[in-house]
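Participant: After the sequence you'll find the predicted model.
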Amino acid sequence: MVVKAYGTPAGDAPLAAIEITRRTVGAHDVQIEILYCGICHSDLHQARGEWPGTLYPCVPGHEIVGRVASVGGHVTSHAPGDLVGVGCIVDSCQHCADCNDGLENYCDGMIGTYNAPTADAPGHTLGGYSQQIVVHERYVLKITHPQDQLAAVAPLLCAGITTWSPLRHWNVGPGSKVGVVGIGGLGHMGVKLAHALGAHVVAFTTSDSKRADALALGADQVVVSRNPDEMAAHAGSLDFILNTVAAPHDLDAFLTLLKRDGTMTLVGAPASPHPSPNVFNLIMRRRGLAGSMIGGIPETQEMLDFCAQHGIVADIEMIRADDIEPAYARMLKGDVKYRFVMDIATM
Ligand code: NAP
Ligand code: ZN
């Protein structure tokens with residue numbers, strides 16, 4: 001099936017309208033009419049060739065929501081007409097320890113929603129900036145939010161799960177004092193989710209203009225990280241820090257804010273490395289520095305259900321498909337409040 005998409009033939013070429021082919025629906029496949037797709041900073045890193053190994057043509061997009069158009073003969077968990085989501089994973093080996101634990105995100109055979117090898121043309125996966133996608137039922141999530149919130153649900157499929165998974169893994173909840181660094185697409189979801197989990201949340205931003213917004217998102221306190229006095233006020237006090245910053249920066253400035261046994265988990269994936277932190281900042285307080293990548297399928301469903309129960313969605317700005325380049329330019333300036341979502345009907 002040939003469908004319209006937005007993609008790029010090279011890292012230095014702008015995204016533009018193209019046509020792509022989706023595979024015939026197999027016995028375990030779900031064919032989805034995509035309605036909205038969130039715009040993740042990873043899309044920009046990948047499309048621009050900032051991370052190694054981008055395969056072109058590149059069609060980004062892994063915050064997909066839509067309606068089931070048809071299902072294969074063996075599909076039991078989804079039916080035509082259902083509202084569904086697809087995040088960053090469209091396949092995995094389905095039998096390793098990670099897959100058996102529902103952590104398909106750590107499977108060596110994990111197939112990303114774009115830029116991963118596949119038997120389908122053109123030989124690598126093509127993402128959600130497109131009208132349709134065909135995905136194995138295991139990787140299709142159920143959406144129970146009201147239909148009028150659908151566009152604002154899209155960012156939960158990456159920004160939501162990427163912040164939810166570490167918050168849960170490091171047991172954030174009532175009594176925790178949690179820092180969220182970088183108030184962009186991931187960070188604003190981190191603030192909302194940590195707040196809903198009952199933590200005391202401190203938002204760290206480089207943008208003075210985001211102070212009021214961060215409080216409205218659910219932060220108890222806001223720190224402009226460029227101000228040393230504001231940073232010093234939190235020294236040695238945080239149980240956990242979720243660092244979402246998309247650019248290399250001084251990690252020591254944040255590690256020193258952790259309590260003894262506190263952990264800072266990096267989810268931001270800048271194109272070039274951070275300066276190495278001072279190991280004494282780790283040793284002296286038995287602090288941890290960790291990383292985390294998106295989340296598994298069961299925990300993604302858990303996060304979606306939690307968000308539906310608590311009325312949580314992303315704060316979004318809707319764009320037309322042909323506004324993707326200006327949207328990327330604004331993302332690079334940290335000027336997103338707080339996630340762009342593409343209306344696929346404009347394609
Ligand atoms: P985003 O919306 O652009 O937000 C990043 C935020 O980082 C900015 O809004 C800004 O917040 C802060 N920042 C500070 N200095 C910056 C600088 N020099 N350049 C850019 N941002 C700066 O991006 P996102 O979609 O949340 O993604 C954040 C990072 O996470 C990206 O690297 C992305 O690839 C990565 N990611 C990782 C995973 C994973 O599985 N680990 C999943 C998705 C995305 P303030 O204005 O508040 O300072
Ligand atoms: Zn993403």
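Facilitator: That came through, no problem. Ligands and ions are numbered 1, 2, ... in the order given.
Participant: Quick check: phi and psi at whichever residue of the stretch 51-200 of the chain sits closest to ligand 2.
Facilitator: When CB to the ion is the measure, the stretch 51-200 of the chain has its nearest residue to ligand 2 at residue 158, with 3.2 Å between them. To be clear about C-beta, it is placed using only N, CA and C from the backbone, and glycine gets the same treatment. The main-chain torsion angles of residue 158 are listed as degrees, to the nearest 10 and equal phi -130, psi -60.
Participant: Check residue 66 too.
Facilitator: Dihedral angles of residue 66 (phi, psi; degrees, to the nearest 10) stand at phi -180, psi -160.
Participant: got the contact list for the closest residue to residue 295 other than its chain neighbours?
Facilitator: Nearest residue to residue 295 in three dimensions, chain neighbours excluded: residue 165, at 3.4 Å (CB to CB, 6 or more residues apart in numbering). Contacts for residue 165 (CB atoms under 8 Å, 6 or more residues apart in numbering) come out as 105, 292, 294, 295, 296, 299, 303.
Participant: Run a quick neighbour tally on the second one.
Facilitator: For residue 292, the neighbour count with other CB atoms under 10 Å is 18.
Participant: same question, the third one
Facilitator: Per other CB under 10 Å, the neighbour tally for residue 294 reads 27.
Participant: Confirm it sits in a strand?
Facilitator: No. Counting by DSSP: H, G, I helix; E, B strand; the rest coil, residue 294 is not part of a strand but coil.
Participant: my guess is it contacts residue 104, does it?
Facilitator: No. Using CB atoms under 8 Å, residue 294 is not in contact with residue 104, being 9.4 Å away.
Participant: burial measure for residue 55, as a count.
Facilitator: The number of residues packed around residue 55, counting by other CB under 10 Å, is 15.
Participant: For this structure, what lies in contact range of ligand 2?
Facilitator: Within the chain, the positions near ligand 2 by CB under 5 Å from the ion are 40, 42, 158.
Participant: ok, of the residues you listed, which one's closest to residue 283?
Facilitator: Residue 283 has its nearest neighbour among the residues of the chain next to ligand 2 in residue 42, at 32.5 Å by CB to CB.
Participant: burial count for the closest residue to that closest one other than its chain neighbours?
Facilitator: Once its chain neighbours are removed from consideration, residue 42 has its nearest residue in residue 269; the separation is 6.9 Å (CB to CB, 6+ apart). With neighbours defined by other CB under 10 Å, the count for residue 269 comes to 16.
Participant: average pLDDT for stretch 98-105?
Facilitator: Along stretch 98-105, the predicted confidence averages to a pLDDT of 98.
Participant: Can you tell me how far residue 71 is from residue 108?
Facilitator: Distance from residue 71 to residue 108, counting by CB to CB, to the nearest Å: 28 Å.
Participant: Between these two, which is the more surrounded one?
Facilitator: It is residue 71, of residue 71 and residue 108, that has more neighbours when counted by other CB under 10 Å, with 22 against 9.
Participant: Who are the contact partners of the closest residue to ligand 1 within the chain?
Facilitator: Using CB to the nearest ligand atom, the point where the chain gets nearest to ligand 1 is residue 184, with a distance of 1.8 Å. With contacts defined as CB under 8 Å, 6+ apart, residue 184 is in contact with 41, 244, 246, 331, 334, 336, 338.
Participant: quick one: which of these is nearest residue 22?
Facilitator: Within the contacts of residue 184, proximity to residue 22 (CB to CB) peaks at residue 41, which comes in at 25.8 Å.
Participant: How many residues are close by the closest one?
Facilitator: As a burial measure, residue 41 scores 25 neighbours (other CB under 10 Å).
Participant: contacting residues for whichever residue of the stretch 201-347 of the chain sits closest to ligand 2?
Facilitator: Closest contact between the stretch 201-347 of the chain and ligand 2, by CB to the ion, is at residue 294 (7.3 Å). Under the criterion of CB under 8 Å, 6+ apart, the neighbours of residue 294 are 87, 88, 89, 105, 158, 161, 162, 165.
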